[in-house]
Each structure stands twice: as structure tokens, then as C-alpha cells.
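J.: here is a sequence together with a model predicted from it:
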There are 2 protein chains.
Amino acid sequence: MIKLTNTNRMSSNFLIVLGGRLEMIFYDGGAAPNARRVRVFLSEKNIDIPIKSIDIMKGDHKKDDYKKISPLSQVPALELDDGTFITESIAICRYIEELNPEPNLFGKNPKEIAQIEMWQRRLELLLMMPIASVFRHGHPAMAHLEEQVPEWSEANKPRVLKFFKWLNEQLEGKNFICLDRYTVADTTAFTCFEFAKWPKILIPDEFQNLKDYQQRLSERPSSKA
Amino acid sequence: MIKLTNTNRMSSNFLIVLGGRLEMIFYDGGAAPNARRVRVFLSEKNIDIPIKSIDIMKGDHKKDDYKKISPLSQVPALELDDGTFITESIAICRYIEELNPEPNLFGKNPKEIAQIEMWQRRLELLLMMPIASVFRHGHPAMAHLEEQVPEWSEANKPRVLKFFKWLNEQLEGKNFICLDRYTVADTTAFTCFEFAKWPKILIPDEFQNLKDYQQRLSERPSSKA
């Protein structure tokens, strides 16, 4: 693990930009999918950042102290060395990538950058969002956090399965979803598969490519993050 | 306007990466918000790309020919010079930014990059998506394109207004939403304001910062794109 200490940062190209104190704090959201996504990303980057835990189920994210960090109560958040707060998981991942370009997870040239962004967005908007809709609007455990619309939960179940079917076709002959190496799009895919277990949406047995892909991602050390 | 011709591209840093034929085609979706977003972005970049029109209301995006370009029938799409197709509006914008870094709209250093991504995502996920939900699930004109869930349309109306209120507060003393210059986050904000007119959601008069911001964005030449 690389610990982001002064010494490591001093060797970075971004010292002039960063300047000053060289520490970060990751405000983690435990099991929350977007917090998990950043932890998996950090693990793939082999980076360790000091963590403060935010317990969503206890409502920590809605307390005034945390709203100074994340005004919309979103988890996770990252405090930069100059005291700036960054929310939105992918914004946090991009910041980490800029400071620590290798292994490259966001693309090495314009075409790779566009392809990774396309796949990361497809997975997020067309798979993670429907899974979130099924869970947040349908699960009793979320009733105190969400003004639930049960009809919306129901409407999204077939969307998840339809996307699984399409993804299974897209994975034919591929080890990873976008390029021939692991990228942040795979981080998002893994996070989706894990999240889908919450509302008990399993990948149907006939989608063998998808099941194999999930298995490969699950065998990576980052899956424990 | 810069026309993306061989000559211009020859002067780019990315010639080695691109190589070969140096032409692109933008598959436009007319009034569709994500198509508009890319056109506004291109206008801010002062770039002109050959366009082919895809008429969503006529169902062009669901025809087999277009599915070879955009398998999920999404508009817009970009065909690269090597025949690769990129969908997802922000992926297209990133590709353009990589080829033509100035004016910079995605950030010049790690902190800017993270802040712009954070704001672009906030606007997209917490404003554009709720507006889309109100419109797509509530408007009669969308009934033939969407399996509508009217309850979801209704649930999102207050979300839009709640976000408008918060955005109005965030804009206090600011000309742009993220940095002290125009960025892609402002492109998304403008697209949202235009999209909100479809389901007739107007910015309430008491949100003066927000109304002024909308006005400033509307006065830019890119608003005509």
C-alpha cells in the first residue's frame, strides 16, 4: 500500500498545485455503494487514505457536522489537503488518478478516455441507478431514509435484468468490459453486482459471460475493500 | 469556428494516437437534452463537426441502422476517424476536450478536475435526472417512447424545486457554478434550465441568483446551439 504522506507527495508532479499541508481524509459511508466504489478504486490504485466513518443507517450523514463537509448529505466525501471538500465518488476517483496516474484506470489517450467514460456512465446510469431505484423505493430498511414510490421500484426490476442480458452479450470474448485491462468502468460494474444483492437481484444462470465476469472481479484483492 | 479538418488535427499533440483518417461525424438528436448539451459544448469550444440528424420523435434512434452506431438507441453519438462509436454526451465532450484543450472546460489541475466533475455530476444526477423523470413519466408526448410511471413523475417535481432552492444559495456571489470561469458544469446547468421548460417547470421568482445565472448563460452565443 502507498500511504499518501508528505514524502510520497513530494515526488509528485502536482506539488506546485497542491502546496501546503499534504494530507487527505476520506469520509467513508461503509456499505453504501458509492463509498464501496471508491474503496475498491483505492485498492486497485494500491493507495491508503486516512478514513473517518459515516454511519448512514444511524443518520450520521444528515447531521449538521457532516453537512459542512457534504451539504447534500452524500457519502463518500474527500477532504483535500487545503480543506476543500469533494463529494461524488467518481470526482474523488478522478482526483486520486490525477495525483497517482499508475495504474491507469481512466484512460491513456483520447479514445481510451472516451470509451472508459462511456462504459462507466452506461453502467452507472443504466444499471446502478435502476438497482438503486429497486432497493431505495422498495426495501423496508430504506423507508425511513426515502420517500418511497413502490411503483418505481417495481418498474426498475425488469430494467436491471434487461441490462444484464445486454451486458452478457457485450462481454462475449472479453475479460473486462471496456479495454483489455481493468478500468474504473470495471470498478463500477463490480459495485453494481454487489449492490444488486441487496434487493436480492441475482444474475440469471443463463448469462454465463456475466457470471464469469462477476467471478473474475470478485477474485481480485480489491473486492475485499 | 474551427473546422476539424486534417490540417487542424495535424497540429494537435494527438496525431500519433489518432493517425489515419481525420474525420468525425456527430449523430445529433435535435432537441434531446443530451444532444443539445454536446452542441452547446462544441459551440463553447468553437468547434464545428459534420452532423447527421437523428429524429427521436420519428423513432430514428430505434431503427436497426442507428443501433449499429448506438446499440442502446441513445442520442447523441460520435463516430471517430477510425470508425469507433462513442455514446454518452459527457464521453463525447471529454474526447473533444482531449483533442482541443482550449478553452479548458474540464479542469486544468487535479483540484479543478475534481470540482468540475463534482458539480457536473450534482447537476446531472440531482437536477437533470429529476427533470427527465417529471417529463418522461408525465408528459403525453412521451407515452409512446416510455413505459410511464406517473407516480414517479409526480415524486420528482418537488425534487427539482428543492434543488433549485439549494442551487440558488450556492450561486450567491458567483458568476459560474463551479470555478470563476465557464466550465462543462455550466453547460449541464444551462441544458437543465432549457429541459425544465418542457414539463413547464420555471425557476421561481424568489430565486434571483438562479434566474440571473440562467440569464447570463442564455446570453452566451452557445445558447443558440
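T.: Nice, thanks for sending it over.

J.: does anything pack onto the helix ranked longest in chain A? Which helices or strands?
T.: When chain A is scanned for its longest helix (criterion: DSSP state H), the result is helix A:150-170. If you count contacts as 3 or more Cβ pairs under 8 Å, 6 or more residues apart in numbering or on different chains; DSSP states H and E, helix A:150-170 packs onto helix A:129-138, helix A:208-218, helix B:150-170. C-beta here means a position set from N, CA and C on the backbone, and glycine is covered the same way.

J.: buried set for the longest one?
T.: Put plainly, it is helix B:150-170. Under the neighbour-count criterion of 16 or more other Cβ atoms under 10 Å in any protein chain shown, helix B:150-170 has B:151-153, B:155-157, B:159-160, B:163-164, B:166-168, B:170 buried.

J.: looking at those residues, which is nearest A:V134?
T.: B:W152 (12.8 Å; Cβ to Cβ).

J.: measure the residue nearest the centre of chain A to chain B for me?
T.: Closest residue to the average C-alpha location of chain A: A:R37 at 2.5 Å, with Cα atoms, centre = their mean. The spacing between A:R37 and chain B, counted by Cβ to the nearest Cβ, to the nearest Å, is 13 Å.

J.: got a list of what that residue touches?
T.: For A:R37, the residues meeting the contact criterion (Cβ atoms under 8 Å, 6 or more residues apart in numbering or on different chains) are A:S89, A:C93, A:T187, A:T188, A:T191.

J.: please, where are all the strands along chain A?
T.: Listed in chain order, the strands found in chain A under DSSP state E are A:2-3, A:25-28, A:47-48, A:51-53, A:77-79, A:85-87.

J.: need the contacts of A:R37 in CSV (columns: distance to B:L179).
T.: Converted to CSV, the contacts of A:R37 look like this (distance: Cβ to Cβ, whole Å):
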residue, distance to B:L179
A:S89, 21
A:C93, 20
A:T187, 27
A:T188, 26
A:T191, 29
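
J.: can you select the buried ones from the residues you listed in ChimeraX?
T.: Paste this into ChimeraX to select the buried members of those, with burial taken from 16+ other Cβ under 10 Å:
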select /A:89,93,187,188,191
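
J.: in helices only, show me the contacts of A:R37.
T.: The subset of the contacts of A:R37 that ends up in helices is A:S89, A:C93, A:T187, A:T188, A:T191, with DSSP H as the criterion.

J.: let me know the closest of the residues you listed to B:A77.
T.: Checking the ones in helices among the contacts of A:R37 one by one against B:A77 (Cβ to Cβ), the nearest turns out to be A:T188, at 20.8 Å.

J.: surely that closest one meets A:M129?
T.: No - counting by Cβ atoms under 8 Å, A:M129 is not a contact partner of A:T188; they are 11.3 Å apart.

J.: show me which residues of chain A sit near chain B.
T.: Selection of chain A residues close to chain B by Cβ under 8 Å from any Cβ of the partner chain yields A:14, A:17-18, A:71-72, A:78, A:80, A:82, A:84, A:86-88, A:90-92, A:94-95, A:98-99, A:109-111, A:113-115, A:117-118, A:121-122, A:126, A:129, A:147, A:149, A:151-152, A:155, A:166.

J.: show me chain A divided up by domain.
T.: According to automatic domain parsing, chain A is divided into the following domains: A:14-99, A:110-224.

J.: let's have the ones you listed in TSV, adding mean pLDDT.
T.: Formatted as TSV, the entries for these read as follows, by pLDDT from 0 to 100:
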stretch	mean pLDDT
domain A:14-99	89
domain A:110-224	97
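
J.: C-alpha coordinates for stretch A:74-93, PDB please?
T.: The C-alpha atoms that make up stretch A:74-93 are tabulated as PDB, following Å, rounded to 0.1, in the frame of the first residue of the first chain:
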ATOM      1  CA  GLN A  74     -23.900  12.500   0.200                       C
ATOM      2  CA  VAL A  75     -21.300   9.900   1.100                       C
ATOM      3  CA  PRO A  76     -18.500   9.500   0.500                       C
ATOM      4  CA  ALA A  77     -16.500  12.700   0.600                       C
ATOM      5  CA  LEU A  78     -12.900  13.600   0.400                       C
ATOM      6  CA  GLU A  79     -11.200  16.400   2.300                       C
ATOM      7  CA  LEU A  80      -8.200  17.700   0.300                       C
ATOM      8  CA  ASP A  81      -5.000  19.000   2.000                       C
ATOM      9  CA  ASP A  82      -6.200  22.600   1.600                       C
ATOM     10  CA  GLY A  83      -9.500  21.900   3.300                       C
ATOM     11  CA  THR A  84     -11.600  21.700   0.100                       C
ATOM     12  CA  PHE A  85     -14.300  19.000   0.200                       C
ATOM     13  CA  ILE A  86     -15.000  16.900  -2.800                       C
ATOM     14  CA  THR A  87     -18.200  14.800  -3.000                       C
ATOM     15  CA  GLU A  88     -19.400  12.400  -5.800                       C
ATOM     16  CA  SER A  89     -17.500   9.100  -5.900                       C
ATOM     17  CA  ILE A  90     -16.200   9.500  -9.400                       C
ATOM     18  CA  ALA A  91     -14.900  13.000  -8.800                       C
ATOM     19  CA  ILE A  92     -13.000  11.600  -5.800                       C
ATOM     20  CA  CYS A  93     -11.600   8.800  -8.000                       C
END
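
J.: just the residues contacting that stretch, thanks.
T.: Counting contacts by Cβ under 8 Å, 6+ apart, the residues outside stretch A:74-93 that touch it are A:18-29, A:32, A:34-35, A:37-38, A:41, A:49, A:54, A:56, A:61, A:69-70, A:72, A:95, A:105-106, A:120, A:124, A:184, A:187, B:111, B:114-115, B:117-118, B:121-122.

J.: what does stretch A:53-71 give?
T.: Judged by Cβ under 8 Å, 6+ apart, the contacts made with stretch A:53-71 from elsewhere in the structure are A:27-30, A:32, A:73-77, A:79, A:85, A:87, A:145, B:166.

J.: report the buried members of these.
T.: Buried members of the contacts of stretch A:53-71, counted by 16+ other Cβ under 10 Å: A:27-30, A:32, A:73-77, A:79, A:85, A:87, B:166.

J.: which two among those are spaced furthest apart?
T.: With Cβ to Cβ as the measure, no two of the buried ones among the contacts of stretch A:53-71 lie farther apart than A:G30 and B:W166, at 25.2 Å.
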